[in-house]
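Participant: how would this look folded up:
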Amino acid sequence: MAYGTALAPALLLLGFTPMQVVPVVLISELFSGLSTGFFHHNKGMSGGGYGPVVTGGQIQSGVDGKSAVGITSLAEGLTCLVGIVAYVMLAKSLIDWKLAPWIIGGAIVSVPLAAVSVKKIKTKKLRLVIAMLIIILGSATIIKTLM
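Facilitator: Residues are numbered from 1 along each chain as shown. Predicted coordinates for the structure are as follows:
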């Protein structure tokens, strides 16, 4: 969650153009999302949705927090596939393959670490962490919108 929200601005600050950053983040999220669905023992295969709002909604609907993370990650990856296809069909510039391997590699390396973290964290604590992240991201969005 918030992968592109955190990574894209950092890459832009490092001097990459939006036309370099957007497709690379989408491809990276595709690989990490599909990998996360696998590492969460295919818990992600049973649902859909993406982002903190949907994760929170799944938890409110009774979905286990760990399953909600797997579902969300897989759905984000599949959503990015649509974005990649649209980019390739509509963009007039090519994907920057100099940047992509590094970003994809980092995302793939983080997947097993994230899966182990989610597995080891007790469900009650995970729900609290997810709730806090939703509140923080929502508050930041509201503040940014008002400014």
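Participant: what separates stretch 122-130 from the chain centre, distance-wise?
Facilitator: Put simply, stretch 122-130 sits 18 Å off its chain's centre (CA atoms, centre = their mean, to the nearest Å).
Participant: now that stretch: mean pLDDT?
Facilitator: Throughout stretch 122-130, pLDDT has a mean value of 79.
Participant: stretch 12-29 too?
Facilitator: Here the average pLDDT along stretch 12-29 is 81.
Participant: next, the buried residues of it.
Facilitator: Across stretch 12-29, burial judged by 16 or more other CB atoms under 10 Å covers 16, 20-29. All C-beta atoms are positioned from the backbone trio N, CA, C, and that covers glycine.
Participant: ok, stretch 126-140 next?
Facilitator: Buried residues in stretch 126-140 (16+ other CB under 10 Å): 126-127, 130, 134, 137.
Participant: count of neighbours near residue 7?
Facilitator: 18 (other CB atoms under 10 Å).
Participant: could you say which helix or strand holds it?
Facilitator: Secondary structure from DSSP states H and E places residue 7 in helix 3-13.
Participant: give me the contacts around the helix or strand just after that helix.
Facilitator: On the C-terminal side of helix 3-13, the closest following helix or strand by DSSP H and E is helix 18-39. Outside helix 18-39, the residues that touch it by CB atoms under 8 Å, 6 or more residues apart in numbering are 3-4, 7-8, 11-12, 43-45, 69-70, 73-78, 80-81, 83-84, 87-88, 91, 93, 95-96, 99-100, 103-104, 106-108, 110-112, 114-115.
Participant: export helix 18-39 to PDB, keeping only CA atoms.
Facilitator: These are the backbone C-alpha positions of helix 18-39, laid out as PDB (Å, rounded to 0.1, in the frame of the first residue of the first chain):
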ATOM      1  CA  PRO A  18       7.200  11.300 -15.100                       C
ATOM      2  CA  MET A  19       7.400   9.400 -18.400                       C
ATOM      3  CA  GLN A  20      10.200   7.400 -16.900                       C
ATOM      4  CA  VAL A  21       8.700   6.900 -13.500                       C
ATOM      5  CA  VAL A  22       5.100   6.000 -14.100                       C
ATOM      6  CA  PRO A  23       5.500   2.900 -16.300                       C
ATOM      7  CA  VAL A  24       8.400   1.600 -14.200                       C
ATOM      8  CA  VAL A  25       6.400   1.900 -11.000                       C
ATOM      9  CA  LEU A  26       3.400   0.200 -12.700                       C
ATOM     10  CA  ILE A  27       5.600  -2.700 -13.900                       C
ATOM     11  CA  SER A  28       7.300  -3.000 -10.500                       C
ATOM     12  CA  GLU A  29       3.900  -3.000  -8.700                       C
ATOM     13  CA  LEU A  30       2.700  -5.700 -11.200                       C
ATOM     14  CA  PHE A  31       5.500  -8.000 -10.300                       C
ATOM     15  CA  SER A  32       5.400  -7.300  -6.600                       C
ATOM     16  CA  GLY A  33       1.600  -7.600  -6.400                       C
ATOM     17  CA  LEU A  34       1.600 -10.900  -8.200                       C
ATOM     18  CA  SER A  35       4.500 -12.200  -6.100                       C
ATOM     19  CA  THR A  36       2.800 -11.000  -2.900                       C
ATOM     20  CA  GLY A  37      -0.400 -12.900  -3.800                       C
ATOM     21  CA  PHE A  38       1.800 -16.000  -4.200                       C
ATOM     22  CA  PHE A  39       3.800 -15.500  -1.000                       C
END
